[in-house]
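[1] fold the following.
(2 chains)
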Number of protein chains: 2
Amino acid sequence: MIQVDEALSISAENSTKMPIQKIQVHKALGYILAETVYSPIAMPPFRQSAMDGYAFIHSERHQYDVVDISQAGDHSNIKLNENEAVRIFTGAFVPHNADTVVMQEHVMANEKSILITRMPAQFANVRNKGEQIGPEDVAFEANTLITPAAIGFLACLGITEIEVFKKPKVAILVTGNELVKPGKKLPKGKIYESNSIMLQAALETIGIKKTKVHKVKDNLKATKKALKEILKENDIVLISGGISVGDYDFVKEALLENGVEELFYKINQKPGKPMFFGAKNETLVFALPGNPASSLTNFYVYVYPAIKNRMGFSDTHLPKLVRKLNSGFTNTSGKTLFLKALYDETHVTILDSQSSAMLNTFAIANCLLIVPHDVEMLKKGGLVKLLPID
Amino acid sequence: MIQVDEALSISAENSTKMPIQKIQVHKALGYILAETVYSPIAMPPFRQSAMDGYAFIHSERHQYDVVDISQAGDHSNIKLNENEAVRIFTGAFVPHNADTVVMQEHVMANEKSILITRMPAQFANVRNKGEQIGPEDVAFEANTLITPAAIGFLACLGITEIEVFKKPKVAILVTGNELVKPGKKLPKGKIYESNSIMLQAALETIGIKKTKVHKVKDNLKATKKALKEILKENDIVLISGGISVGDYDFVKEALLENGVEELFYKINQKPGKPMFFGAKNETLVFALPGNPASSLTNFYVYVYPAIKNRMGFSDTHLPKLVRKLNSGFTNTSGKTLFLKALYDETHVTILDSQSSAMLNTFAIANCLLIVPHDVEMLKKGGLVKLLPID
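    Numbering: from 1, shown residues only, chains lettered A, B, ... in the order given. Purely as a prediction, here's the structure:
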């Protein structure tokens, strides 16, 4: 049995980056850039007006003849004389020898001429070509997260395709003869299977969609056979149930016989102790505890950072926040505890029911409060660490 | 022109809750529950062992004959005698008159009998029927957010369908003759259209997927015609471009002629001043500024909370965080400023380039720092409010 910190570093060491793929920019939200992206164009691509107004050659003169019009999207080769101005709109091309734009609120105008009532400084309201970025300049460094703003910036440079780290393909394997699909009648001794749907939802929150669920009977042969295919086709395999010490748990044996190397088994924590972590080539296997709240705890603590690692994130763990504890807490277990809790901007409150079989407390929690195994007393008002899960 | 706070309250008043729909639990992630959900069953549905071990009738006796086995999913009608025990596994049915489970680590066993080496207290390691929740008990109150844990809990109660508030149907209308689709060659005077793809991505981050984009030419007739259909079929309409004071901006006219009531136009803020907000029946219209960074700012400040309101969230605005400012800042504009910034657990740093046409600063920001219109000086080390956008 190992400590939580050891388990986390073993899992991080083995969570290699996924291969690189080309992807269309509009599908790249949430991916990590695997290349440095250079701008193919200057932005703005030409001198642009920053205002609705009139473009002219700056001078002492206040009166100008309006000789042309430049609206967004236009391009004109006009050369202004020093007594001439062009009606212009925000984002529009500024004629070649014009150097200044006066905003329309600062002129008196008729159809043919304007009188500038408040003279702007020379070069005012003109955005220079390449002011934001020049051609061949770096638009984004490798390892940048693709956010809505990043997608917008890439698109405004005309870029349609980038190289990112692939998202891992994840499969869920559910074992357990006691499990019945929700919606069916519940026979005596059975319970509803809820972990697969819960893990699918948890995966969806980090952009892993439509994860396939495989169900097998609680026996070595069926489990071994199912795992053979699943290990071949996936980058991360989550197994729900079947990994405690019971005589009827075949999962570990089936994993080892399929060539999965055991990296650790059992962690000194509560809930979530009976977890197996292994790897076959680059594929990672997390055999999660069967209890729903234990399973979800270990998803957030171990699976979430492993997926982020594989996707190329550098800050792979859930951000750890520090808050003041609203009540004292005693930990005589010698284990690291992950307690369902509610935090706000300054404080954190431990929720009442912490059973590892219970999901309803989890559903109203917004964080897991971490009590290290070697800490026996948390004082009211003391600072504690937590993993936000909202 | 109105202040930011007024604009936010007008938008909140008009953002009515969407109608209710039935939805399958596995598709309900991120929705808000529109009904109180009662448990149809007791959970656990029967007395369950919390350990791998042996079930027996608690007494002074240490030696028991092992007469049966109960693994998860089994159900047996066996009645134990007081010298008898049943081999049992975690989650399995506890035979009717057994009252205690001893964990297997605390017995010496052969195939036929056990010797308890450490006697547990009576009732130890037995989860009572309905210990988590009884039939007809409240599983979730209305207005609960459906998280992965909530989905798991609903599934473990056998619930497959719930009533939630619908997600609003959103459309994006893009106007502007200057706009060219990324991937094509950029003619003189034109720029690439990036706002629609950026807004689609921003919508995706709050669960609004596959938003349809409509493009129209910059003229009244085309805009009016397009809006007629779009207003009929959508709950929220985002319009990009065409709403500044230029002579070529037909959008406002087209909106009013389609029966959209103007609720406000122009906000005393930077960036993002030229925004129109209106409504036709329950459908909301946000005509966003054409500048990319202004557009995205107003998405986070106004559109995001309006969508959350309509989806049934009670905390509709982005959470406002408070951080210490790493440098002084002067605001002589008299406007509310939204500055691209980076925050960590304690501090916030204002990023260098704040131009409203620039998205690359936005792409590396993780928050918008709010400088209220009536605040002229922010001191280094002082506390400031920010909207996280990460």
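[2] which residues touch the nearest residue to residue A:144 once chain neighbours are set aside?
    Nearest non-adjacent residue to residue A:144, counting by CB to CB, 6 or more residues apart in numbering or on different chains: residue A:33, 4.6 Å away. For glycine as for every other residue, the C-beta is placed from the backbone atoms N, C-alpha and C. Listed by CB atoms under 8 Å, 6 or more residues apart in numbering or on different chains, the contact partners of residue A:33 are A:140, A:141, A:142, A:143, A:144, A:145, A:146, A:162, A:163, A:164.
[3] residue contacts, the first one?
    The contact partners of residue A:140, by CB under 8 Å, 6+ apart, come to A:33, A:36, A:37, A:150, A:153, A:154, B:360, B:363.
[4] could you give the bridge partners of it?
    With beta bridges defined as DSSP bridges, residue A:140 has these partners: residue A:37.
[5] tell me which stretches of the stretch 51-200 of chain A form helices.
    Across the stretch 51-200 of chain A, reading from the start of the chain, the helices by DSSP state H, counting those that start in this stretch fall at A:148-156, A:195-205.
[6] just send the ones you listed back as a markdown table, with mean pLDDT, mean neighbour count and distance to chain B too.
    Compiled in a markdown table, the helices of the stretch 51-200 of chain A are given as follows (pLDDT from 0 to 100; neighbours: other CB atoms under 10 Å in any protein chain shown; distance: least, CB to the nearest CB, whole Å):
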| stretch | mean pLDDT | mean neighbour count | distance to chain B |
| --- | --- | --- | --- |
| helix A:148-156 | 97 | 27 | 3 |
| helix A:195-205 | 97 | 24 | 3 |
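[7] what count of nearby residues applies to the closest residue to residue A:1 other than its chain neighbours?
    Spatial nearest neighbour of residue A:1, excluding adjacent residues (CB to CB, 6+ apart): residue A:266 at 4.5 Å. Other residues within reach of residue A:266, judged by other CB atoms under 10 Å in any protein chain shown, total 16.
[8] what of the one 4 residues further on?
    A count of neighbours around residue A:270, defined by other CB under 10 Å, yields 20.
[9] next: the one 5 residues further on.
    Here the count is done by other CB under 10 Å, and residue A:275 has 24 residues near it.
[10] contacts only, for it.
    Residues in contact with residue A:275, defined by CB under 8 Å, 6+ apart, are A:243, A:265, A:266, A:267, A:286, A:287, A:288, A:289, A:298, A:302.
[11] quick check, nearest of those to chain B?
    Minimum distance to chain B across the contacts of residue A:275 is 9.5 Å, recorded for residue A:289 (CB to the nearest CB).
[12] my guess is the closest one contacts residue A:270. True?
    No. Look at residue A:289 against residue A:270 with CB atoms under 8 Å: they stay out of range, at 10.6 Å.
[13] list residues touching both of these two?
    Between them, residue A:289 and residue A:270 share the neighbouring residues residue A:356, with contact defined by CB under 8 Å, 6+ apart.
[14] for the residue nearest to residue A:144, what are phi and psi?
    Here the main-chain torsion angles of residue A:33 (degrees, to the nearest 10) amount to phi -70, psi 130.
[15] chain B versus that one, what's the distance?
    Taking CB to the nearest CB, to the nearest Å as the measure, residue A:33 falls 11 Å from chain B.
[16] what pairs with that residue across the strands?
    residue A:164.
[17] count of neighbours near residue A:19?
    As a measure of burial, residue A:19 has 10 neighbours, counting by other CB under 10 Å.
[18] quick check: the closest residue to it other than its chain neighbours vs residue B:204, distance?
    Sequence neighbours aside, residue A:166 is the residue nearest to residue A:19 in space, at 5.6 Å (criterion: CB to CB, 6+ apart). Here the criterion is CB to CB, to the nearest Å. By it, residue A:166 lies 19 Å from residue B:204.
[19] one step back: between the contacts of residue A:275, which is closest to residue A:200?
    residue A:288 (13.2 Å; CB to CB).
[20] need the contact partners of stretch A:123-134.
    Outside stretch A:123-134, the residues within contact range by CB under 8 Å, 6+ apart are A:39, A:42-51, A:53, A:55, A:58, A:94, A:98-103, A:139, A:157, B:355, B:357-358, B:360.
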